[in-house]
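Novice: A structural model of the following input is requested.
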Amino acid sequence: MSKNNFLKIISLLINYGTLIFVFLLPWQVRWIYHEAILNGQIWEYGRFSLYGTEILLILILLLSALKFIIQKKEIETLKPNLIFNINFWLVLLVIWSALTIIWSADFYIALNGLLRLLEGIALFYLVVGLSSSIKHKISYTLIISGLIQSLIAIFQFIYQWSLSNKWLGMSLLNPGSPGISVIETATGRFLRSYGTLPHPNILAGFLVITILITIILINRESIKKRLYFLFSSLIVLSLGLILTFSRAGIISLLSCLIIYLIYSKIKKRHIKKIALSLLLILFILSFFTLFYSDLVLTRFNSTSRLEVKSNTERLESYNQALSIVDDTWYKGLGLGQYTLRLAQLYPDLPGYIYQPVHDSGMLTLAELGLWGLLIFSTIILFIFLGANSFWLLIVAVLILGLFDHYFRSMYFGIMLWWLVLAIGYKK
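Specialist: Numbers count the residues shown, from 1 in each chain. Down below sits the predicted model:
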């Protein structure tokens, strides 16, 4: 076999392996090789896991390294004006994150966090380096993956139940079980849809990304068959998002669409398809509210029991974060150390109570300090300055990050974060 043919095979494996990785990313199949128990209960953020998609990503990265070696490409050197080079800031992020291991309370958790960060950055470089045609296929792959998640969400809402299967990465969901996210009304407890993800809010974040990709493609597309598919997908994806009953998800989506409309209007671009997409989403939301007004109003009513509990816990979480940041703002606790510090401050609570603060920026400040937050912010700025037509996705993850921590604390969220940055960045 000639060298060129061998490289073609490797490129094919990398391209389609990446598409499979993107498609399977929401499926949480994993091997927990180190269990963590804290005060007699499972401590999720102390567990060490190897995900099925993680194995696939490692194989793709090894193939990419092999291709790089065979082609004998030169590694880009950092030029004198290196502070204007995104590669410099990504390297600096890795170096600073590695340094925080020195003062981390748990070396292995910090090391695991560093490995997750390295995987995310490697995914970023992998996707940025792909051809435009493969990137286009990634967009459609995400939409199809989102459609499957939405169909599962619809099933879960209709039957108020979800099967448990370790090979699919799915846990048993029953609205009567403790710890399950539900809406509580006078008539009972109703399950919020999870899809195959660990929480409805995480599914909502994923669906917000896929909905925005769909709308961006609708705005660019002129072929009728594709438009039919995209508008049909938008209906299903929007319904899936609504069934998560995620306030953060809906607020983030509507905020992004308003920004998109204003931006397009300022740039004097056509807004007809964007406006039509927004009206379609609002119609689906209104239609659903008409039939399930008690669920929607309860979820958005801050005086109901579970909503009061949720808001109180969130406010308390912010206060705890401010207290932690006040002590360690200059250098941070180290990657993955936040819940461990909570356990030190409040030692008698069950393990599952210890959760990261529901704000990705605040969590970054707490774990990587002011310097880490500044480095992250600079990377985001560079990506914005070099953004392509999918820049709205970057806005979406930034808004979503204001309401939750999974972009910094969970494997799926970390991979989704770097994948979105790669999709939105023009090399």
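Novice: Strands of the chain, start to end?
Specialist: 30-34, 37-38, 41-42, 48-51, 182-185, 188-191 (DSSP state E).
Novice: For the ones you listed, give me CSV that also has mean neighbour count.
Specialist: Yep, even glycine has a C-beta here, placed from its N, CA and C like the rest. Below are the strands of the chain laid out as CSV (neighbours: other C-beta atoms under 10 Å):
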stretch, mean neighbour count
strand 30-34, 12
strand 37-38, 16
strand 41-42, 14
strand 48-51, 16
strand 182-185, 18
strand 188-191, 17
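Novice: Of all the helix elements in this structure, which one is longest?
Specialist: helix 132-159 (DSSP state H).
Novice: Output the contacting helices and strands for that one.
Specialist: The contact analysis (3 or more C-beta pairs under 8 Å, 6 or more residues apart in numbering; DSSP states H and E) places helix 132-159 against helix 3-24, helix 200-220, helix 224-242, helix 411-424.
Novice: Which stretch among these approaches Ser97 most closely?
Specialist: helix 411-424 (12.2 Å; C-beta to C-beta).
Novice: Give the rounded mean pLDDT of stretch 260-277.
Specialist: Across stretch 260-277, the average pLDDT comes to 90.
Novice: of the strands of the chain, which approaches Ile101 most closely?
Specialist: Of all those, strand 48-51 comes closest under C-beta to C-beta, at 15.4 Å.
Novice: Which secondary structure elements does the least confident helix or strand in the chain by mean pLDDT sit against?
Specialist: Least confident helix or strand, the chain: helix 305-328 with a mean of 84, by mean pLDDT, DSSP states H and E. On a contact count with 3+ C-beta pairs under 8 Å, 6+ apart, helix 305-328 meets strand 182-185, helix 338-345, helix 360-385.
Novice: and the closest residue to Leu38 other than its chain neighbours, what does it touch?
Specialist: Sequence neighbours aside, Gly351 is the residue nearest to Leu38 in space, at 3.4 Å (criterion: C-beta to C-beta, 6 or more residues apart in numbering). Counting by C-beta atoms under 8 Å, 6 or more residues apart in numbering, Gly351 makes contact with Ala36, Ile37, Leu38, Asn39, Gly40, Gln41, Ile42, Trp43, Glu44, Gly46, Ala343.
Novice: could I get those residues as a markdown table with pLDDT?
Specialist: Output for those, formatted as a markdown table (pLDDT from 0 to 100):
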| residue | pLDDT |
| --- | --- |
| Ala36 | 91 |
| Ile37 | 90 |
| Leu38 | 88 |
| Asn39 | 86 |
| Gly40 | 84 |
| Gln41 | 88 |
| Ile42 | 89 |
| Trp43 | 91 |
| Glu44 | 92 |
| Gly46 | 93 |
| Ala343 | 92 |
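Novice: quick one: which of those is nearest to Ser181?
Specialist: When the contacts of Gly351 are compared against Ser181 (criterion: C-beta to C-beta), the nearest one is Glu44, at 14.9 Å.
Novice: How many residues are close by that closest one?
Specialist: As a burial measure, Glu44 scores 18 neighbours (other C-beta atoms under 10 Å).
Novice: got a list of what it touches?
Specialist: Ala36, Gly351, Tyr352.
Novice: Filter these down to the ones in helices?
Specialist: Using DSSP H, none of these sit in helices.
Novice: ok so, going back, looking at the helices and strands packed on helix 132-159, which is closest to Leu315?
Specialist: Comparing the helices and strands packed on helix 132-159 by C-beta to C-beta, helix 200-220 comes nearest, at 16.8 Å.
Novice: where's stretch 179-190 relative to the chain centroid, distance-wise?
Specialist: Distance of stretch 179-190 from its chain centroid, counting by C-alpha atoms, centre = their mean, to the nearest Å, is 26 Å.
Novice: again, but for stretch 241-257
Specialist: The answer for stretch 241-257 is 14 Å, by C-alpha atoms, centre = their mean.
Novice: pretty sure Leu24 contacts Glu54?
Specialist: No - here Leu24 lies out of contact with Glu54, judged by C-beta atoms under 8 Å, at a distance of 10.6 Å.
Novice: which regions of this protein lie under the pLDDT threshold?
Specialist: 73-80, 302-304 (pLDDT under 70).
Novice: again, 80 this time
Specialist: For the chain, the stretches with pLDDT under 80 are 1, 3, 72-84, 163-164, 166-168, 178, 301-310, 427.
Novice: Give me whichever of the helices and strands packed on helix 132-159 is most buried.
Specialist: helix 200-220 (a mean of 25; mean count of other C-beta atoms under 10 Å).
Novice: so what does it touch, helix or strand wise?
Specialist: helix 132-159, helix 224-242, helix 247-266, helix 272-291, helix 391-401, helix 406-409, helix 411-424.
Novice: and if we set it to 6 Å?
Specialist: helix 132-159, helix 224-242, helix 247-266, helix 272-291, helix 391-401 (3 or more C-beta pairs under 6 Å, 6 or more residues apart in numbering; DSSP states H and E).
Novice: In the longest helix of the chain, which residues are buried?
Specialist: Residues of helix 132-159 classed as buried: 134-135, 137-143, 145-150, 152-154, 156-157 (neighbour count, 16 or more other C-beta atoms under 10 Å).
Novice: ok, now stretch 92-101?
Specialist: Leu92, Leu93, Trp96, Ser97, Thr100, Ile101.
Novice: thought the fifth one was touching Gly334?
Specialist: Yes - in this structure, Thr100 sits in contact with Gly334. The criterion is C-beta atoms under 6 Å, and the distance is 4.2 Å.
Novice: For stretch 145-152, which outside residues touch it?
Specialist: Phe23, Pro26, Gly195, Leu207, Thr210, Ser233, Val236, Leu237, Gly240 (C-beta atoms under 6 Å, 6 or more residues apart in numbering).
Novice: okay, the residues you listed in JSON lines with distance to Leu290 next?
Specialist: Listed next are the contacts of stretch 145-152 as JSON lines, based on distance: C-beta to C-beta, whole Å:
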{"residue": "Phe23", "distance to Leu290": "34"}
{"residue": "Pro26", "distance to Leu290": "30"}
{"residue": "Gly195", "distance to Leu290": "24"}
{"residue": "Leu207", "distance to Leu290": "21"}
{"residue": "Thr210", "distance to Leu290": "25"}
{"residue": "Ser233", "distance to Leu290": "23"}
{"residue": "Val236", "distance to Leu290": "19"}
{"residue": "Leu237", "distance to Leu290": "20"}
{"residue": "Gly240", "distance to Leu290": "18"}
